[in-house]
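Q: 3D model of this:
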Amino acid sequence: MKNRINKAWIMALVVCFASCADLEEKPVGLLSPESLFRTPNDVEVVIFGAYGWISTERLYGRQFVSALMLRGDMVDIGDRGTPAERQQVNDFNMDADNGMVRQFWPYWYQTISAANAAVAGAETLDLSDEEINPLIAEARFIRAFSYYHLVRVFGDIPYIDFFITDPSIVQDISKTPVSEVYSGIIEDLEYAKQWLPDIHDGGIRSRATKGTAASYLASVYLTLEDYQSAYDEAKWVIDNKDLFGYGLTADFQDLFRAEQQDNLNEPIFVMDFLGLQGGSGGADDDIMGPMTGVRGGDQLGWSVLVPSMEVYNTWDDRDYRKEVSFEDSISEAGVLVPYTEFDNTQRPHIAKYARYPGNASGDTRNSDNNYAAMRYAEVLLIAAEALAEISGPNAEAIGYVNQIRERARNWAGVVSSFPEDVTAGISQADFIDLVLDERRLELAFEYKRWYDIKRRRLGEEVFTGPSSLEPHPSFDPNRDYLMPLPQVDLAVNPNLRPQNPGY
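A: Okay, here's the model as predicted:
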């Protein structure tokens, strides 16, 4: 399944497109898609380049996903010697010049620019719909995926859905309301669902398919509280799971073994990092292993993204997913050392990305991991939550959760009795709370929790409430559901003002 694309050289080929979308860029001249695209292969190269921008250190390799984890209530700062920009994100005291934002914001727009270039170039080719629309659909999926992240993090944002032939126009671009951004996302995903293939050669999951687009439509509609549409899209994926090759992987640990990830049926869309490869601009540079790994002893991690003790202590020891998700001991000179004796941060660390990184450096950097941005388990949970909102916790909704719990009872081939199946008779409110907590555990440390907190407006409960796993008294619901727009962009282009509230 591994999509062995040399992302470094592909990104070099598309840099001329991507540079046009950096909102700080100075004009560099005019570009014409007619002169740059001759064949469908030219379009595909730029699409691969767009995927490559996502699999960089600035986005899924470290910066963006680290910010998402720090923003939630499952991951805290471990070593407080880490740069202040990370502590600001974690502690809800960001300023408008936050260094993490300044790094990942332009990379999302570079990704979008490459996608826009691919669409524009494809439209210049004199080919049939059947030949070219699947490539347009793939580019539009990437654009939707990028904007879906941006709009949830920043709110109103510049929405650019065209190829910029004259870079000077970005100096005057303004923000687009959230509702219009979502309309564009949905339109792109619907087009992608119509024209993308059911499956790619080799069953690779690092390229979007119809099932990928429908899964993201379900997620988008869930975020917008359009529960009927969320359920319809999730149910469509579930009903067609055999067509797309989807299902739950029997052993939860296998989802996080780099050497096995290429042949699993559960991932729906992945960021495919290639072990010990890299290029300019942070291409293919995966640093999540070191960011989550243990600092000290024989380990080479950095203890930056480390769960609080309450996250660990409140997770039932009978749950196999806890065993997979945490590293609570390490080997030092052949001796097993518990977390209470770790040299730097005496707390259990995240194990999902550092335990089995495959072909990687000594500190697990430049791993061979596939990072699943969407799994079939999440589709089941979307269907359960949406259906419960529509008609309460009926047998179908409960059944989706129980499928996930049944898998969680499999301890590498030894079946346990925990977690027990959900039974009939639970109230609607309690079932929805249960589904949200099931998401918290099933998708722990997979960059989802902050988005759940935001869409359900749980911030005050999870950060300042009596049962908080990670107390942050500075959390302000009038400010902290959004991050600040980069101040440097607002200085260059006043049309991007006003800044988000509170910054």
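
Q: Let me know the helix or strand that the most centrally placed residue in the chain is in.
A: By Cα atoms, centre = their mean, the chain has its centre lying nearest to residue 373, at 4.6 Å. Per DSSP states H and E: residue 373 is located in strand 370-375.

Q: Tell me the buried residues in the very next helix or strand once past that strand?
A: Per DSSP H and E, the first helix or strand lying C-terminal to strand 370-375 is helix 376-391. For helix 376-391, the neighbour count (16 or more other Cβ atoms under 10 Å) marks 376-389 as buried. Placement of C-beta: from N, CA and C, glycine included.

Q: residue ranges of the strands in the stretch 251-400 of the chain, please?
A: Secondary structure of the stretch 251-400 of the chain, counting by DSSP state E, counting those that start in this stretch: strands at 267-272, 295-296, 299-300, 305-306, 326-327, 329-332, 335-338, 349-350, 370-375.

Q: what about residue 501, distance to residue 281?
A: From residue 501 across to residue 281, the span is 32 Å (Cβ to Cβ, to the nearest Å).

Q: do the same with residue 239
A: Counting by Cβ to Cβ, the gap from residue 239 to residue 281 is 41 Å.

Q: Between the two, tell me which one has more neighbours.
A: Applying other Cβ atoms under 10 Å to residue 239 and residue 281 shows that residue 281 carries more neighbours, namely 20 against 9.

Q: will you turn the strands of the stretch 251-400 of the chain into a markdown table that also has mean pLDDT?
A: Below are the strands of the stretch 251-400 of the chain laid out as a markdown table (pLDDT from 0 to 100):
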| stretch | mean pLDDT |
| --- | --- |
| strand 267-272 | 97 |
| strand 295-296 | 86 |
| strand 299-300 | 80 |
| strand 305-306 | 98 |
| strand 326-327 | 97 |
| strand 329-332 | 90 |
| strand 335-338 | 92 |
| strand 349-350 | 98 |
| strand 370-375 | 97 |
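
Q: Turn the ones you listed into a markdown table, columns for distance to residue 204.
A: Shown next, in a markdown table, are the strands of the stretch 251-400 of the chain (distance: least, Cβ to Cβ, whole Å):
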| stretch | distance to residue 204 |
| --- | --- |
| strand 267-272 | 8 |
| strand 295-296 | 35 |
| strand 299-300 | 31 |
| strand 305-306 | 28 |
| strand 326-327 | 30 |
| strand 329-332 | 34 |
| strand 335-338 | 38 |
| strand 349-350 | 26 |
| strand 370-375 | 10 |
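
Q: just so I know, which of these lies nearest residue 466?
A: Closest to residue 466 of the strands of the stretch 251-400 of the chain, according to Cβ to Cβ: strand 305-306, at 23.1 Å.

Q: and that closest one, what other elements does it pack with?
A: helix 63-71, strand 76-77, helix 288-292, strand 349-350 (3 or more Cβ pairs under 8 Å, 6 or more residues apart in numbering; DSSP states H and E).

Q: Which residues outside that strand are in contact with it?
A: Outside strand 305-306, the residues that touch it by Cβ atoms under 8 Å, 6 or more residues apart in numbering are 66, 69-70, 75-79, 288, 291-292, 345, 347, 349-350, 445.

Q: Need the helices and strands packed on strand 305-306 in CSV (columns: distance to residue 106 and mean neighbour count).
A: CSV is the format used below for these (distance: least, Cβ to Cβ, whole Å; neighbours: other Cβ atoms under 10 Å):
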stretch, distance to residue 106, mean neighbour count
helix 63-71, 11, 24
strand 76-77, 25, 21
helix 288-292, 21, 28
strand 349-350, 28, 27
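
Q: mind putting the ones you listed in a markdown table, distance to residue 299 included?
A: Converted to a markdown table, those look like this (distance: least, Cβ to Cβ, whole Å):
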| stretch | distance to residue 299 |
| --- | --- |
| helix 63-71 | 19 |
| strand 76-77 | 18 |
| helix 288-292 | 10 |
| strand 349-350 | 9 |
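
Q: Nearest to residue 186, out of these?
A: Using Cβ to Cβ, the nearest of the helices and strands packed on strand 305-306 to residue 186 is helix 63-71, at 22.1 Å.

Q: what is the orientation angle of that closest one with strand 370-375?
A: Using axes from the mean of the first three to the mean of the last three Cα atoms, to 10 degrees, the direction of helix 63-71 lies 60 degrees away from that of strand 370-375.

Q: and helix 63-71, what other elements does it pack with?
A: In terms of contacts (3+ Cβ pairs under 8 Å, 6+ apart), helix 63-71 is packed against helix 84-91, helix 99-123, helix 288-292, strand 305-306, helix 449-455.

Q: of those, which approaches residue 314 most closely?
A: Across the helices and strands packed on helix 63-71, closest to residue 314 is helix 449-455 (Cβ to Cβ), at 14.1 Å.

Q: hmm, who's touching that closest one?
A: Applying Cβ under 8 Å, 6+ apart, the contact partners of helix 449-455 are 68-69, 71-74, 152, 222-223, 225, 436, 439-440, 443, 458-459, 462, 481.

Q: Quick check: buried residues in the following helix or strand past it?
A: Downstream of helix 449-455, the first helix or strand assigned by DSSP H and E is helix 459-464. For helix 459-464, burial by neighbour count (16+ other Cβ under 10 Å) applies to 459, 462-463.

Q: Quick check on the contacts of helix 449-455: which are buried?
A: Buried among the contacts of helix 449-455 by 16+ other Cβ under 10 Å: 68-69, 71-74, 152, 222-223, 436, 439-440, 443, 458-459, 462, 481.

Q: can you tell me which of the buried residues of helix 459-464 lies nearest to residue 488?
A: Set against residue 488, the nearest of those by Cβ to Cβ is residue 459 (27.4 Å).

Q: rewinding a little: of the strands of the stretch 251-400 of the chain, flag the one that's most buried.
A: Comparing the strands of the stretch 251-400 of the chain by mean neighbour count (mean count of other Cβ atoms under 10 Å), strand 305-306 ranks first with a mean of 29.

Q: Who does that strand pair with, and is each partner parallel or antiparallel?
A: Sheet partners assigned to strand 305-306 using DSSP bridges are listed as strand 76-77 (antiparallel).

Q: Off-centre distance for the strand it pairs with?
A: What separates the centre of strand 76-77 from the centre of its chain is 19 Å, taken as Cα atoms, centre = their mean, to the nearest Å.

Q: now swap in stretch 359-367 and tell me
A: 21 Å.

Q: State the mean pLDDT of it.
A: Average pLDDT, stretch 359-367: 91.

Q: what about residue 278, neighbour count?
A: Neighbour count for residue 278, taken as other Cβ under 10 Å: 19.

Q: Ok, residue 154 next?
A: Counted with other Cβ under 10 Å, residues neighbouring residue 154 total 21.

Q: pretty sure it is touching residue 483, no?
A: Yes: using Cβ atoms under 8 Å, residue 154 makes contact with residue 483 at a distance of 6.0 Å.

Q: Who's the closest spatial neighbour of residue 36, skipping the chain neighbours?
A: Excluding the flanking residues, the one nearest residue 36 by Cβ to Cβ, 6 or more residues apart in numbering is residue 121, at 6.2 Å.
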